[in-house]
Structures are given as structure tokens and as C-alpha cells.
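Trainee: This is a predicted model, with the sequence first.
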Amino acid sequence: MKHVVRFTELAAVTLLGMAVTAQAQLLVNDFWRDGTRTDPGVPPYSEFGVDADADGDLESVWIAANRATNFVTAVGSLTFIPETGTSRAGLTYFAPSGSPVTLADGQALVVTLTFIPTGLSASNAATTTRFAVADYTGGTRLTADGTSSMMNGANVKAYGLFLNIANTFGTTPLSLRERTNLSSTELLGTATDWTTLSSGGGVAGDPGFVNGTPYTMKFTLARNSGQLDFSVSVVGGSLNISHSVTDPTPSTFVFDAFALRSTTAADTPTMQFRNFRVEVIPEPASIGLLGLGGLAVLLGRRRALARH
Ligand SMILES: [Ca+2]
Ligand SMILES: [Ca+2]
Ligand SMILES: [Ca+2]
């Protein structure tokens with residue numbers, strides 16, 4: 001009987017492991033090995049988990065909102081080059097039209113951008129370096145460079161990071177926001193279109209970013225029943241900041257795009273992207289619960305078997 005118990009435990013633990021693994025989906029993981037930002041074309045916008053051209057990267061198309069010269073590719077990188085005194089923006093669709101990521105309860109979308117900044121200002125108090133994880137299913141997608149400097153914001157739902165980025169922070173660096181003026185055509189350019197959910201990660205005067213250092217910026221959007229847990233972390237060099245908030249009234253659990261915008265190069269460095277990654281995982285808390293649940297089932301079975 002003891003052997004039966006052990007076999008059952010082993011089988012259950014193995015199945016549990018497979019279930020967790022099976023739920024994690026890697027959709028995009030681009031290192032720009034081919035030196036392009038245009039694969040796999042428009043449509044389908046994203047390879048979405050299948051390396052269709054077998055170049056080693058799971059790619060998504062990046063579109064420059066203003067000019068192609070602001071998003072320059074080389075083998076191994078995509079560089080965002082802001083301009084002084086004028087805004088620059090762009091985005092990528094990490095899911096094909098018609099098949100966005102729809103979070104089930106307990107699932108999290110994790111969007112990770114690894115970048116190297118150059119040309120950082122010594123300090124500024126701007127939060128005009130902005131990022132959004134967005135839902136374009138109610139809006140209109142961009143299809144080519146230079147077609148909409150405002151990135152067709154109308155009816156696009158989104159969660160955003162308004163980032164202060166400098167050698168020394170001039171204000172609280174991480175401002176987590178929800179896009180609430182959905183009729184605005186300007187996706188990221190108008191601060192009043194966005195409601196601040198919570199800000200953190202430090203205070204003015206804290207040491208910030210360093211030129212030439214790689215940073216990993218991670219956005220996690222996790223569905224927790226009817227709520228959305230939104231967190232952002234930035235880690236690299238001696239910087240390790242993060243902030244989280246729970247939105248009890250989420251505008252969406254659907255996401256298909258990642259966008260960024262700079263108001264001026266005076267406040268936004270050149271950012272050389274080295275990796276862009278999008279995955280859907282079981283929410284970290286739910287992995288623990290699943291593990292505990294599995295353990296309880298095992299212990300219950302063991303006791304039941306011991307009584308026989
Ligand atoms: Ca490519
Ligand atoms: Ca390719
Ligand atoms: Ca590929």
C-alpha cells in the first residue's frame with residue numbers, strides 16, 4: 001500500500017508541475033537578432049508564441065508614431081531616439097488583431113523591456129517618459145510608421161507608467177495610472193486623460209538611472225477576481241525600485257499593445273532596447289495557492305489510504 005501512496009504522490013506532483021508549466025505562455029521574446037522591427041508584418045503584427053520565420057526570436061512589429069528615424073534597429077537592438085523640444089512615440093502590438101490576451105481569473109500578463117539609457121539628464125521633475133499596456137480592441141490599430149502621432153488613442157483602454165528618468169530623481173519616479181478619458185485621440189500625450197492610481201518607488205533626491213547600464217522594466221497586470229493588481233519594477237545597476245496598486249474597478253482585462261512616448265529628449269534619454277518579452281503566467285499568488293491545494297489533496301489522500 002505504501003508503494004501505491006508514493007506512486008500517487010509522484011503522479012500528482014508531476015501533474016501539478018505540468019499544469020503550472022502548461023499555463024505559462026511566452027508570446028513575444030525579441031532580441032532583434034535579425035536586425036528588423038517589421039517582422040512578422042502587418043498583419044499579423046505578432047508571431048504570438050510561434051517563431052514562424054525560425055530566426056530565434058518571437059517577434060512583434062514596432063511602429064513609429066512620428067518618424068521611422070526615432071526607432072532604429074541594428075542586429076541585437078532596437079533604439080528609441082527622442083527629440084529635443086518635440087514629442088516622439090511608438091508602439092508594438094504583441095497580439096494579432098482579433099486574438100488579444102484576455103486574462104482569466106488568476107492569470108497575469110507580464111511585459112518586460114530591457115534597455116540601456118544614454119543621454120540622461122542630471123535631474124528633472126518630469127513624468128513625461130510614459131509607457132502603456134493597452135487594449136486596442138475598441139480602437140483602431142496603427143498600420144505604418146508616421147500615420148498617427150497621437151497613436152489613435154480613441155477608445156483605447158490602458159494602464160500606464162509615467163516615469164521620472166534621470167541620474168537623480170526629481171520627483172517620485174513611478175506613477176501608476178489608468179487611462180480614463182477614452183474619447184481622447186491622444187494615447188499618452190495628455191496627462192489629464194489618465195487617473196493616478198498610486199505613485200511610489202522613491203522620492204526626489206534619490207539616486208536614479210546611470211548611462212550605459214542595462215535596466216529591466218517589468219509591468220505585471222494580474223486579474224484577481226473582479227480586481228486588477230498592477231505592478232511595475234525597474235531593476236539594474238544599483239537601482240531596484242517597484243510599486244504596486246490594486247484597481248478595484250478595472251476598465252479591462254484585455255491587452256494587445258505596448259506603447260511609449262517622450263515629450264522631449266531633455267527629459268527622456270535615448271533608450272536602446274535589448275529585449276522585449278510578453279508572457280501570460282498564473283498569478284504568483286495563485287501558484288502558491290495551487291501548490292497548497294495540491295498538498296492538501298495529497299495529505300487527505302494519504303490519510304484516507306492509511307485508514308484502509
Ligand atoms: Ca525582427
Ligand atoms: Ca524575423
Ligand atoms: Ca521570428
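Mentor: Okay, I see it. Ligands and ions are numbered 1, 2, ... in the order given.

Trainee: Could you tell me how many residues sit around the residue in the stretch 201-308 of the chain that ligand 1 sits nearest to?
Mentor: Nearest residue of the stretch 201-308 of the chain to ligand 1 (Cβ to the ion) works out as F276 at 10.4 Å. (Each C-beta comes from the backbone N, C-alpha and C, glycine too.) Other residues lying near F276 total 25 when counted by other Cβ atoms under 10 Å.

Trainee: For it, name its beta-bridge partners.
Mentor: Beta-bridge partners recorded for F276 (DSSP bridges): D30, L113.

Trainee: Can you give me every residue that contacts it?
Mentor: Listed by Cβ atoms under 8 Å, 6 or more residues apart in numbering, the contact partners of F276 are 28-30, 60, 78, 92, 112-114, 258.

Trainee: Tell me where the stretch 201-308 of the chain is predicted with low confidence.
Mentor: Under the criterion pLDDT under 70, the flagged ranges of the stretch 201-308 of the chain are 283-308.

Trainee: Contact residues of the stretch 51-200 of the chain facing ligand 1?
Mentor: Counting by Cβ under 5 Å from the ion, the stretch 51-200 of the chain comes close to ligand 1 at E59.

Trainee: swap the cut-off to 8 Å and go again
Mentor: Counting by Cβ under 8 Å from the ion, the stretch 51-200 of the chain comes close to ligand 1 at 55, 57, 59, 73.

Trainee: among those, who's most crowded?
Mentor: E59 (30 neighbours).

Trainee: List the residues that contact that residue.
Mentor: Applying Cβ under 8 Å, 6+ apart, the residues near E59 are 28, 30, 34, 39-40, 46-47, 53.

Trainee: pLDDT score assigned to it?
Mentor: Listed pLDDT for E59 reads 98.

Trainee: Endpoint to endpoint, stretch 153-173 covers what distance?
Mentor: For stretch 153-173, the first-to-last residue distance is 24 Å (Cα to Cα, to the nearest Å).

Trainee: Kindly report the same for stretch 259-274.
Mentor: End-to-end distance (Cα to Cα), stretch 259-274: 16 Å.

Trainee: where does the spatially most central residue of the chain land in three-state SS?
Mentor: In the chain, the centroid-proximal residue (Cα atoms, centre = their mean) is V111; its distance is 2.3 Å. Recorded secondary structure, V111: strand (DSSP: H, G, I helix; E, B strand; the rest coil).

Trainee: Please tell me how far it sits from ligand 3.
Mentor: Going from V111 to ligand 3 by Cβ to the ion, to the nearest Å gives 18 Å.

Trainee: likewise R277?
Mentor: From R277 across to ligand 3, the span is 14 Å (Cβ to the ion).

Trainee: ok, that residue touching T112?
Mentor: Yes. Taking Cβ atoms under 8 Å as the definition, R277 is a contact partner of T112 at 4.3 Å.

Trainee: which residues touch the residue of the chain found nearest ligand 2?
Mentor: Distances between the chain and ligand 2 by Cβ to the ion are smallest at D39, namely 3.6 Å. By Cβ under 8 Å, 6+ apart, the contact set of D39 is 47, 53, 55, 59, 61.

Trainee: Go through these and name the one nearest S148.
Mentor: The closest of these to S148 turns out to be V61 (Cβ to Cβ; 14.9 Å).

Trainee: got the contact list for that closest one?
Mentor: By Cβ under 8 Å, 6+ apart, the contact set of V61 is 37-42, 45-46, 92-93.

Trainee: Can you redo those residues as JSON lines, where the extra columns are pLDDT, distance to A104 and secondary structure?
Mentor: Below are the contacts of V61 laid out as JSON lines (pLDDT from 0 to 100; distance: Cβ to Cβ, whole Å; DSSP: H, G, I helix; E, B strand; the rest coil):
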{"residue": "R37", "pLDDT": "98", "distance to A104": "31", "secondary structure": "coil"}
{"residue": "T38", "pLDDT": "98", "distance to A104": "32", "secondary structure": "coil"}
{"residue": "D39", "pLDDT": "98", "distance to A104": "29", "secondary structure": "coil"}
{"residue": "P40", "pLDDT": "98", "distance to A104": "26", "secondary structure": "coil"}
{"residue": "G41", "pLDDT": "98", "distance to A104": "29", "secondary structure": "coil"}
{"residue": "V42", "pLDDT": "97", "distance to A104": "28", "secondary structure": "coil"}
{"residue": "Y45", "pLDDT": "98", "distance to A104": "22", "secondary structure": "coil"}
{"residue": "S46", "pLDDT": "98", "distance to A104": "20", "secondary structure": "strand"}
{"residue": "T92", "pLDDT": "99", "distance to A104": "23", "secondary structure": "strand"}
{"residue": "Y93", "pLDDT": "98", "distance to A104": "21", "secondary structure": "strand"}
